[in-house]
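A.B. asks: Please work out how this folds:
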Amino acid sequence: MSGRNRGDEPLVIVCVYPDGRLASDWFRAYQRVKRTVRRGSFRARVELRPVSELPEWVDVLIAPLEPHGLADAAPGALDRIVAAPDALRVAFDALLERLVSEGRLQHAPAPARALATHRGFRAVGERARLAD
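C.D. replies: Below you'll find the predicted structure:
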């Protein structure tokens, strides 16, 4: 858990980019991070934000290597990853393993399964027509 009283709130992961300049490879890296969290069914929320709209309640800050100084934008972030988009996957997987082992990141409960009711088989007439 982080230093603040969170209760059942999910972990907040923010991918930050420079104002007005979202590179396509950084957007793809953000999508990979979001997909990894969703497929792992972790209790975490992944957001993509410009540096000017960065909230103060970030648990994990993910910033690109260039331009320098973006990782210092959120002083309250407990964990930071500063990596190139190509190397982000390996660094993020290592961070996820560490967060799970520390107990700061849990798996979300599985959604309830919907049950379909089978109504049985009803023979169709010889002309493949349903009766009124």
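A.B. asks: Just the strands from the protein, written as ranges.
C.D. replies: With strands called from DSSP state E, the chain shows them at 11-17, 44-50, 60-63, 79-82.
A.B. asks: what are the pairing partners of the last one, and which direction each?
C.D. replies: The pairing partners recorded for strand 79-82 under DSSP bridges are strand 60-63 (parallel).
A.B. asks: now the strand it pairs with: how far from the chain's centre is it?
C.D. replies: In terms of Cα atoms, centre = their mean, to the nearest Å, the centre of strand 60-63 is set 12 Å apart from its chain centre.
A.B. asks: So what's the residue count around the residue lying closest to Phe27 once chain neighbours are set aside?
C.D. replies: Once flanking residues are discounted, Phe27 sits nearest to Leu48: 7.3 Å by Cβ to Cβ, 6 or more residues apart in numbering. The way it works is simple: take the backbone N, C-alpha and C, and place the C-beta from them, glycine included. As a burial measure, Leu48 scores 17 neighbours (other Cβ atoms under 10 Å).
A.B. asks: try the one 4 residues further on
C.D. replies: Using other Cβ under 10 Å as the criterion, Ser52 is surrounded by 10 other residues.
A.B. asks: And it, how far from Arg21?
C.D. replies: 12 Å (Cβ to Cβ, to the nearest Å).
A.B. asks: before we move on, what about Ala87?
C.D. replies: For Ala87, the distance to Arg21 (Cβ to Cβ) stands at 20 Å.
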